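**Student:** Any chance you can model this:
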Amino acid sequence: MCIPRAFKGVVCYTEAILGGLGARPETHVDIPFLKKFKFSSLRNLFGRRPTRFVGVDIGSDSAKVVQLRKERERAVLETYGELKTGHYFAKDSLAAGGFLGATDETLVNILTDIVRAAKITATNAVFSIPATASFLTVISLPLVDRGEIAAAIPFEAKKYIPIPMKEVTLDWDVVGESEEEKRVDVLLAAVPTELITMYQRVAEVANISLDAVEIESFCLVRALLAGDRGVSAIINWGAVVTTLTIVDHERIQANHNFGRGSFEMTNALSQTLGVNLERAEAMKREIGLSEKPEDRPITGIITPIVDAAFADCDRAMTAYNRASSRRIEKIVLIGGGANLAGLVAYTAKRFGLETAIGNPFARTVTPEFLQQVLRDIAPHFAVATGAALRPFSVS
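**Tutor:** Take a look at the predicted model:
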């Protein structure tokens, strides 16, 4: 692991590799499910298929990249990096427009800096779309054939998506059927088209071939639950938003965003105890939800925030369990907030379910000497790793 002097706040690891940028292929972008929304491309039509891919996860707090190499159908970890992004967004109206409020220049600067710092050599990328900039919901329709479902989707979507249909890119997938009730459950996904085109522009300026964009919840399922046949709840505790994704047989059944993130704890500790943000972050990692009496001044600040976030999750999970014949069996914690000391045990006790920190690197080949480091940083890199794994699972 290294911390380059020129990039304070960057954490990265680089395997000894050779490579360069080379020529940039034409852009081809798609989103998940039926691959309906593609931008025509002749990439790799006559040349060799790429063997290196980079997953890109740009958030309001930090950006993460993970580069994987395809070797005998295995995904080999070559490099990763994390870059704090707060100061990049200082001049952008993120509060008003989310990522759509960011400028192309800002995103290009972030991407260029982290690619350079992490020594990324792959030119084929998959970008994740933040949960806050996307829309996922499950709707119920009459049990008809897929052609009729496809025709009905644009009209049904208007009832659930709060922005004009002409401004979004839609996709969908059937996630459940009931012959008895003659109904079908359809997972509806929507992404602002401007966000997709912005990512295309940014990738082009950065000389990167954008292979696909994908809503981060799908990245998480791929990285954490590949091959899992049970019902799991992924709690992705980000800096400003916590996302609950319920998954059955690797298929998303429900997705909820809650306006509570781990920075709320950091800020509360800083304001209440009069410490700087760095010290407050350390308190979360080192003390967190400790049961020691001497730690109560800190846990007394953190616990109510955790309980409020879990109350939101509990309502959504309870509603799912009541409506489904298969109940949630386990919880997977991910995101920067998952590093809160004592959170795994606290979560297991609160929900009465098996709970673990997700490890996105479990599906990759990694150096033995990095095992402990990767376990420590795993919650931060789940989305980027899932994005990088996409080319390994899509033909």
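**Student:** my guess is residue 167 contacts residue 194, does it?
**Tutor:** Yes: in terms of CB atoms under 8 Å, residue 167 counts as a neighbour of residue 194; the distance is 7.1 Å. For glycine as for every other residue, the C-beta is placed from the backbone atoms N, C-alpha and C.
**Student:** Between these two, point out the one with more neighbours.
**Tutor:** Ranked by neighbour count (other CB atoms under 10 Å), residue 167 and residue 194 place residue 194 first, with 14 against 11.
**Student:** Phi, psi for that one please.
**Tutor:** Dihedral pair for residue 194: phi -60, psi -30, per degrees, to the nearest 10.
**Student:** in this structure, which spans are helices?
**Tutor:** Here the chain has its helices, by DSSP state H, at 94-97, 104-117, 146-157, 193-205, 216-225, 262-273, 277-286, 296-323, 343-351, 371-377, 382-393.
**Student:** I'd like to know which of those lies nearest to residue 184.
**Tutor:** With CB to CB as the criterion, residue 184 lies closest to helix 146-157 of the helices of the chain, at 7.0 Å.
**Student:** Send over that closest one as PDB, restricted to the C-alpha atoms.
**Tutor:** Output in PDB follows, covering the C-alpha atoms of helix 146-157 (Å, rounded to 0.1, in the frame of the first residue of the first chain):
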ATOM      1  CA  ARG A 146     -42.700 -10.000 -21.800                       C
ATOM      2  CA  GLY A 147     -43.700  -8.100 -24.900                       C
ATOM      3  CA  GLU A 148     -46.800  -6.700 -23.100                       C
ATOM      4  CA  ILE A 149     -44.700  -5.900 -20.000                       C
ATOM      5  CA  ALA A 150     -42.200  -4.000 -22.200                       C
ATOM      6  CA  ALA A 151     -45.100  -1.900 -23.700                       C
ATOM      7  CA  ALA A 152     -46.600  -1.200 -20.300                       C
ATOM      8  CA  ILE A 153     -43.300  -0.100 -18.600                       C
ATOM      9  CA  PRO A 154     -43.100   3.500 -19.900                       C
ATOM     10  CA  PHE A 155     -46.700   4.200 -18.800                       C
ATOM     11  CA  GLU A 156     -46.300   2.500 -15.400                       C
ATOM     12  CA  ALA A 157     -43.000   4.200 -14.700                       C
END
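**Student:** Please list the outside residues in contact with that helix.
**Tutor:** Residues outside helix 146-157 that contact it (CB atoms under 8 Å, 6 or more residues apart in numbering): 139, 141, 144, 165, 170, 172, 174, 184, 186, 188, 190.
**Student:** give the contact list for the first one.
**Tutor:** Listed by CB under 8 Å, 6+ apart, the contact partners of residue 139 are 156, 160, 185, 186, 188.
**Student:** Please apply the same query to the fifth one.
**Tutor:** Taking CB under 8 Å, 6+ apart as the definition of contact, the neighbours of residue 170 are 153, 154, 157, 188, 189, 190.
**Student:** ditto for the last one
**Tutor:** When contacts are counted by CB under 8 Å, 6+ apart, residue 190 is found next to 134, 135, 136, 157, 161, 168, 169, 170, 171.
**Student:** Buried among the contacts of helix 146-157? Need that as a selection in ChimeraX.
**Tutor:** Remark: buried members of those, expressed as a ChimeraX selection using 16 or more other CB atoms under 10 Å:
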select :139,141,170,172,184,186,188,190
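**Student:** Pick the one among the contacts of helix 146-157 closest to residue 73.
**Tutor:** residue 174 (28.9 Å).
**Student:** May I have stretch 76-94 exported as PDB, CA atoms only?
**Tutor:** C-alpha atoms of stretch 76-94 as PDB (Å, rounded to 0.1, in the frame of the first residue of the first chain):
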ATOM      1  CA  VAL A  76      -6.600 -10.900 -10.400                       C
ATOM      2  CA  LEU A  77      -6.400  -7.700  -8.300                       C
ATOM      3  CA  GLU A  78      -3.700  -5.400  -9.800                       C
ATOM      4  CA  THR A  79      -4.300  -2.100  -8.100                       C
ATOM      5  CA  TYR A  80      -6.800   0.000  -6.200                       C
ATOM      6  CA  GLY A  81      -7.000   3.500  -4.900                       C
ATOM      7  CA  GLU A  82      -9.200   5.900  -2.900                       C
ATOM      8  CA  LEU A  83      -9.200   9.700  -3.100                       C
ATOM      9  CA  LYS A  84     -11.000  12.100  -0.900                       C
ATOM     10  CA  THR A  85     -13.300  14.300  -3.100                       C
ATOM     11  CA  GLY A  86     -14.800  16.800  -0.800                       C
ATOM     12  CA  HIS A  87     -12.600  19.700  -1.900                       C
ATOM     13  CA  TYR A  88     -13.100  18.900  -5.600                       C
ATOM     14  CA  PHE A  89     -16.800  19.400  -5.200                       C
ATOM     15  CA  ALA A  90     -16.500  22.700  -3.200                       C
ATOM     16  CA  LYS A  91     -17.500  24.800  -6.100                       C
ATOM     17  CA  ASP A  92     -20.300  22.600  -7.400                       C
ATOM     18  CA  SER A  93     -24.000  22.700  -6.400                       C
ATOM     19  CA  LEU A  94     -24.100  19.100  -5.100                       C
END
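**Student:** which residues does residue 109 contact?
**Tutor:** residue 88.
**Student:** Sorry, wrong one. I was asking about residue 388.
**Tutor:** Residues counted as contacts of residue 388 (CB under 8 Å, 6+ apart) are 53, 54, 55, 66, 67, 68, 75, 126.
**Student:** what's the answer for residue 184, then?
**Tutor:** With contacts defined as CB under 8 Å, 6+ apart, residue 184 is in contact with 140, 141, 142, 143, 144, 149, 174, 176, 177, 178.
**Student:** ok, the residue nearest to residue 226 when sequence neighbours are not counted to residue 338 distance?
**Tutor:** Spatial nearest neighbour of residue 226, excluding adjacent residues (CB to CB, 6 or more residues apart in numbering): residue 363 at 6.2 Å. Residue 363 sits 18 Å away from residue 338, going by CB to CB, to the nearest Å.
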